[in-house]
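*Asks:* here is a sequence with its predicted model. Questions after.
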Amino acid sequence: KEKEKVTEKNRYKSIHFIKDDEGNYICPAGHAFELEKETIDRQGEYERINKHYVNRHCEGCPLRSKCTKAKNGRTLVHCDKLEEYHQEARSNVTSDEGIKLMKKRSNESEGTFGDLKYNQKYDRLRRRGEAGVKLEIYLIAIGENLRKYHRNKMKEKEKKQIN
């Protein structure tokens, strides 16, 4: 998403907003967002501090209809820690080792998922809940590993018969 070209259709997405020297976001019309409040989100495994920004200049803005439907102006929620994680992931993926791993992934695991979905006709999970889904995925992985093991054994057997 970060690499996609900024067009008229997607220029109002928050990922394309620029920041000023103080770290505030600037909307496409050139108005700065103001920090309204900070909240602590405890929903996930780790708590995170979310900063809520609001743009109070939306009232007479000519781009308002394209930018937001909110009555009180456009709001953004930003987490600095999450941004750090995104930056780390970005640097990992663009490093030489990361590029090598991504090529390896596309050769190994993506093919396995494609094989499961297309050749084995397995395109949806049948169980609900975290425990049931994990169990089902483990069973699918075991089945796939057994299929590969058996295929390799048959290849070895054919080689021995030829020699």
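*Replies:* Arrived safely. Fair warning: this is a prediction, and the values are worked out from it, not measured in the lab.
*Asks:* can you show me the strands along this protein?
*Replies:* According to DSSP state E, the chain carries its strands in the segments 18-19, 25-26, 34-41, 48-54, 75-78.
*Asks:* could you check how far the lengthiest helix in the chain is from the centre of its chain?
*Replies:* Taking DSSP state H as the criterion, the chain has its longest helix at helix 130-162. Helix 130-162 has its average C-alpha position 29 Å from the chain's average C-alpha position, going by CA atoms, centre = their mean, to the nearest Å.
*Asks:* ditto for stretch 41-58
*Replies:* Chain-centre distance of stretch 41-58: 18 Å, with CA atoms, centre = their mean.
*Asks:* what lies in contact with it?
*Replies:* 24-25, 27, 29, 31-40, 64, 67-68, 70, 72-82 (CB atoms under 8 Å, 6 or more residues apart in numbering). Where you see a C-beta, it was placed from the backbone N, CA and C, and this is true even at glycine.
*Asks:* buried set for that stretch?
*Replies:* By neighbour count with 16 or more other CB atoms under 10 Å, stretch 41-58 contains the buried residues 51, 53-55, 57-58.
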